[in-house]
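*Asks:* please work out how this folds:
(one chain, ligands or ions: 1)
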Amino acid sequence: MKVLEHEICIVGAGPGGVMAALFLAKAGIPSLIIDQAKFPRDKICGDALSAKCADILQKLNPEILPDFKKQDFQISSDGVNFVAPNLEVLRLKFGGSGPGNKKVGGFIAKRFDLDHYLFQWMAQEPLITVLEETPAQQFIRTADGWHIQTPDIRIETKLLLDASGAQSAFARHHAGIQKEEIHFSAGLRVYYKDVKGMDPDNFIELHFLKELLPGYFWIFPLPNGEANVGIGVRSDVVRKRRMNLKTELKKIIEEHPVISKRFEGATPIDSVRGYGLPLGSKQRKLSGDQYLLLGDAASLIDPFTGEGIGNAMISGMKAAEIILAARTKGNYHAESLAGYDAAIYRRLGKEFAISTKFLQLVRYQWLFNFIVRKANRNATLRETMGCMFESVDLRRKLKNPLFYLKLLFGRD
Ligand SMILES: Cc1cc2nc3c(=O)[nH]c(=O)nc-3n(C[C@H](O)[C@H](O)[C@H](O)COP(=O)(O)OP(=O)(O)OC[C@H]3O[C@@H](n4cnc5c(N)ncnc54)[C@H](O)[C@@H]3O)c2cc1C
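*Replies:* Just a heads-up that it's a prediction; the model follows:
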């Protein structure tokens, strides 16, 4: 059996793992990254990238974002159409629509293309060693780190970065992260061509249908007249209501009084496929002796929006920062890495808390319908809500009961 020694080994070359490798390389630190897949590879996802992703790419290397924007596999998307349970639509531009809106919005790109694009940037980097088709099968704790067993090689490392996604065996067996239904969602995705009535400005669509609450159905536009269509519902809700998500999705597409009309003449271009979303609604221990958990392996998906790509990227960047600091201390013991947990939750903890609250609120159909109706009649409220996607402080307003009192008794 061949043995490879690397001080830092990253398992998983999704957005979390790749960003860790690239930020480490930027700091002059070499790493080995392994993935069980051969790239390009698919990842079940909604494919929507928030402005957060653009921010991280800018921080990494100002050349990437302008180059990414030139790629024909992506489109920009600057807003969202919220569809309330009573089917009233609220159209919100991210960051508001006023002259002060200079923020970059989001993008949509199939993960097949996005992940391959990022993978290629990584593969050019001399400090990063990449091994594809190399599944980590076993993790053995040693006196000085971890042995990672793959079919053909044993990797001996001092620091393991687990970025292997929602089904991480390391997180479950070695980092004590158990799957809890109330902190986990099930999601389905199917690609379609020629869905009618797509937004002229490529806004994404979130349909909070009453049969799915607190989950939702989505339609996200893609280049070439394609769309990413799917549903996501929390796992405890799926079990309690005995939902069959495939049947629910089929019913919406074929029978929903409004949505089904948009699918007349549309064709699915792949099969319906599902994957899990580990949510950030519970804080976890993300580091320990000679390991860090990144992205989905660390349960960093926003509980309300389902956004996980940007958060995985943030975790890659924060991991690199903490590794740089730990290296100066000369070891990767749990105490040297504990700052990682603090850094992650300092950056994302507020968002997770607010999104968890939102999730409780959207159970009330009347409240959802009411806010959408009010916002449609009140430009200031609409602007404020558009800005909430950019600002945690504004989002916090929605947690405050006074906000609803003002809504109730305010003009309009
Ligand atoms: C249905 C659905 C819709 C979603 N929609 C969105 C959305 O629109 N926007 C958004 O921001 N987020 C969305 N998410 C969440 C997003 O997909 C994840 O948060 C994101 O992919 C996490 O990135 P990651 O790098 O942590 O893991 P992943 O992207 O899952 O990458 C993990 C990598 O590890 C590799 N790997 C796994 N096991 C091993 C092993 N044993 N050995 C070696 N390699 C291994 C895999 O091949 C993979 O390449 C959605 C998720 C789902 C399921």
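*Asks:* distance of the spatially most central residue of the chain from the ligand?
*Replies:* Among the residues of the chain, the one closest to the centroid is Gly308, at 1.3 Å (C-alpha atoms, centre = their mean). Distance, Gly308 to the ligand, by C-beta to the nearest ligand atom, to the nearest Å: 2 Å. C-beta coordinates here come from the backbone N, C-alpha and C atoms, glycine included.
*Asks:* cool, and Ile259?
*Replies:* Taking C-beta to the nearest ligand atom, one finds Ile259 at 18 Å from the ligand.
*Asks:* isn't that residue up against Leu249?
*Replies:* No - when contacts are counted by C-beta atoms under 8 Å, Ile259 is not listed as touching Leu249 (10.7 Å).
*Asks:* what residues are shared contacts of these two?
*Replies:* Common neighbours of Ile259 and Leu249, using C-beta atoms under 8 Å, 6 or more residues apart in numbering, are Phe217.
*Asks:* ok, and what's touching the helix or strand hosting Ile252?
*Replies:* Per DSSP states H and E, Ile252 falls inside helix 245-255. Contacts to helix 245-255, defined as C-beta under 8 Å, 6+ apart, come from residues 186, 188, 190, 209, 211-212, 217, 229-231, 233, 238, 259-260, 263, 272, 274.
*Asks:* make a PyMOL selection of whichever of those turn out to be buried.
*Replies:* In PyMOL, this line selects whichever of the contacts of helix 245-255 come out buried by 16 or more other C-beta atoms under 10 Å:
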select buried, resi 186+188+190+209+212+217+229+230+231+233+238+259+263+272+274
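*Asks:* and the helix holding Ile252, what's buried?
*Replies:* Those would be 245, 248-249, 252-253, for helix 245-255 by 16+ other C-beta under 10 Å.
*Asks:* what would those residues look like in JSON lines with pLDDT and distance to the ligand?
*Replies:* Formatted as JSON lines, the buried residues of helix 245-255 follow (pLDDT from 0 to 100; distance: C-beta to the nearest ligand atom, whole Å):
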{"residue": "Leu245", "pLDDT": "98", "distance to the ligand": "10"}
{"residue": "Glu248", "pLDDT": "97", "distance to the ligand": "14"}
{"residue": "Leu249", "pLDDT": "98", "distance to the ligand": "11"}
{"residue": "Ile252", "pLDDT": "98", "distance to the ligand": "15"}
{"residue": "Ile253", "pLDDT": "98", "distance to the ligand": "16"}
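*Asks:* for this protein, what lies in contact range of the ligand?
*Replies:* Within the chain, the positions near the ligand by C-beta under 6 Å from any ligand atom are 11-17, 34-37, 43-48, 135-136, 163-165, 187, 189, 230, 232, 275, 277, 294-296, 301, 306-310, 312.
*Asks:* can you do 5 Å?
*Replies:* 12, 14-16, 35-37, 43-46, 48, 135-136, 164-165, 187, 189, 275, 277, 295-296, 301, 306-309, 312 (C-beta under 5 Å from any ligand atom).
*Asks:* is it possible to mark the buried ones in these?
*Replies:* Buried among these by 16+ other C-beta under 10 Å: 12, 14-16, 35-37, 43-46, 48, 136, 164-165, 187, 189, 275, 277, 295-296, 301, 306-309, 312.
*Asks:* quick check: next helix or strand after the helix holding Ile252?
*Replies:* By DSSP H and E, the next helix or strand past helix 245-255 is helix 259-262.
*Asks:* state the mean pLDDT of the helix or strand following that following helix.
*Replies:* Remark: after helix 259-262, the chain's next helix or strand is strand 267-268, criterion DSSP H and E. The average pLDDT for strand 267-268 rounds to 98.
*Asks:* what packs against strand 267-268?
*Replies:* Other elements packing on strand 267-268 under the criterion 3 or more C-beta pairs under 8 Å, 6 or more residues apart in numbering; DSSP states H and E are strand 184-193.
*Asks:* quick one: distance of the helix or strand just after the strand it packs on to the chain centre.
*Replies:* Taking DSSP H and E as the definition, the helix or strand that follows strand 184-193 towards the C-terminus is strand 204-207. Using C-alpha atoms, centre = their mean, to the nearest Å, the distance from the centre of strand 204-207 to the centre of the chain it belongs to is 16 Å.
*Asks:* for strand 204-207, buried residues please.
*Replies:* 204-207.
*Asks:* ok, now stretch 148-166?
*Replies:* Taking 16+ other C-beta under 10 Å as the criterion, stretch 148-166 shows 148-150, 155-166 as buried.
*Asks:* for these, which one is nearest Phe112?
*Replies:* Among the buried residues of stretch 148-166, Gly165 lies closest to Phe112 (C-beta to C-beta), at 15.3 Å.
*Asks:* ok, the closest one touching Gly12?
*Replies:* Yes - counting by C-beta under 8 Å, Gly12 is a contact partner of Gly165 at 6.0 Å.
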